[in-house]
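*Asks:* Structure for the following, please:
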Amino acid sequence: MDRDDALYKRARERALYLLDYRDHCYAEIVTKLLRKYDEEIAYGVADELSDKGLIDDERFAENFARQLIEVRHYGLYRARMQMRQRGLPKSVIEEALEQYAEGGELRAKELIERRYAKYWEPDDRAMMQKLTAAVVRQGYSFDEVKAAIALIKAEEEENVE
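*Replies:* Numbering: from 1, shown residues only. Next up is the predicted model:
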């Protein structure tokens, strides 16, 4: 593969354009380049940019994990799934999510209070099932949701007294 080849240069320009728009992981760049270029060129460009530090899966994973957990309020299960869909290696995903391993029930509580307050009817079992299902779909475990509900109930009882 010749790095002075016009096709290779176009592929590199395309990859740089994509990276200028937002950070991408190695697998994303390769996948996008494979739409127009052959494997040798796609992997060659991705390798070159990775060697230069323009593609960094660890940096991408940390930023993506922060966005998923802190901004979108996803639980670890959903965040892990989203990161796998981007093509990140399992070890990189686990390392990026390690800092969020604790406190899932507090994040679930915050999510319930912010987004699912309309379902908060502690006396209505059907509404509480809807609430639980909605929060579980966001990637939280049943245990985290149960703990979050218990925290909210405890706060309500505290405020009543």
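*Asks:* if you go through this protein in chain order, where are the helices?
*Replies:* According to DSSP state H, the chain carries its helices in the segments 6-21, 26-34, 39-51, 57-66, 76-85, 90-97, 104-115, 125-137, 142-160.
*Asks:* and the first one, what does it pack onto?
*Replies:* Pointing back at helix 6-21 there. Where contact means 3 or more CB pairs under 8 Å, 6 or more residues apart in numbering; DSSP states H and E, helix 6-21 is packed against helix 26-34, helix 39-51. To be clear about C-beta, it is placed using only N, CA and C from the backbone, and glycine gets the same treatment.
*Asks:* any idea how far the shortest one is from the chain center?
*Replies:* Using CA atoms, centre = their mean, to the nearest Å, the mean C-alpha position of helix 26-34 is found 18 Å from that of the whole chain.
*Asks:* who's in contact with it?
*Replies:* 11, 14-15, 18-19, 24, 41-43, 45-46, 49-50, 55, 57, 86-88 (CB atoms under 8 Å, 6 or more residues apart in numbering).
*Asks:* if you set the cut-off to 6 Å instead, what comes out?
*Replies:* 11, 15, 42, 46, 50, 55, 57, 86, 87 (CB atoms under 6 Å, 6 or more residues apart in numbering).
*Asks:* What average pLDDT does it get?
*Replies:* Helix 26-34 shows a mean pLDDT of 95.
*Asks:* Quick check: buried residues in that helix?
*Replies:* 26, 27, 28, 29, 30, 32, 33 (16 or more other CB atoms under 10 Å).
*Asks:* which one of those residues sits closest to residue 81?
*Replies:* Closest to residue 81 out of the buried residues of helix 26-34 is residue 27 (15.0 Å), distances taken as CB to CB.
*Asks:* and that closest one, how far is that from residue 91?
*Replies:* 14 Å (CB to CB, to the nearest Å).
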